[in-house]
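**Q** model the structure of this input:
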Amino acid sequence: MCIDDSPTIINAIKHFLDDSFFYVVGIHDPLKALMQTIRIKPDLILLDIGMPNLDGYELCSLLRKHSYFRNTPVIMVTARTSLIDRAKAKMVRSSGYLTKPFTQADLLKIIFHHLEV
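**A** You can find the predicted model right below:
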């Protein structure tokens, strides 16, 4: 699952991930993302930090409170590169951190690192 308010990023991630191996659900609205995530129960979540109404830190924190998602990999995908942002991501128990812009190889490397395929 990819949660990002930018359709461009969601489309890039879908393009980077092979349809025969990955099924990517893109969600643009962070407020709807929590309920859709609970309903779909993805194997891995790619989560933008800077979104309106509900940022990635808050959404990650909410997901971690749900018993099903305590161990689901949540990878922050963001343009933010500061140590403070990385520390905040760790505080809400994100599994990984991928900075934009990223390559297909960067994306696949972090996904395979966190998925047991």
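
**Q** what's the most centrally placed residue in the chain in contact with, if anything?
**A** Computing the C-alpha centroid of the chain and ranking residues by Cα atoms, centre = their mean puts Leu46 first, at 1.6 Å. Leu46 is in contact with 1-4, 13, 75, 77, 98, counting by Cβ atoms under 8 Å, 6 or more residues apart in numbering. For the C-beta atoms, the positions are set from N, CA and C on the backbone; glycine is no exception.

**Q** now for the residues you listed, which pair is the farthest apart?
**A** Maximum pairwise distance in those, criterion Cβ to Cβ, is 14.5 Å, between Met1 and Leu98.

**Q** and these two? which has more neighbours close in?
**A** Met1 (20 against 16; other Cβ atoms under 10 Å).

**Q** contacting residues around the more buried one?
**A** Met1 neighbours (Cβ under 8 Å, 6+ apart): 24-27, 36-37, 40, 42, 44-46.

**Q** and what of Pro73?
**A** Neighbours of Pro73 in contact, by Cβ under 8 Å, 6+ apart: 43-45, 95-96, 114-115.

**Q** before we move on, what about Met51?
**A** Here Met51 is in contact with 3-5, 30, 59 (Cβ under 8 Å, 6+ apart).

**Q** excluding its backbone neighbours, what's nearest the residue nearest to the centre of the chain?
**A** Cys2 (4.4 Å; Cβ to Cβ, 6 or more residues apart in numbering).

**Q** of the contacts of Pro73, just the buried ones, PyMOL syntax please.
**A** Of the contacts of Pro73, the buried ones go into a single PyMOL selection, burial set by 16 or more other Cβ atoms under 10 Å:
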select buried, resi 44+45+95+96+114
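
**Q** can you name the two of the contacts of Pro73 that sit furthest apart?
**A** Most distant of these, by Cβ to Cβ, are Asp43 and Gly96, 13.9 Å apart.
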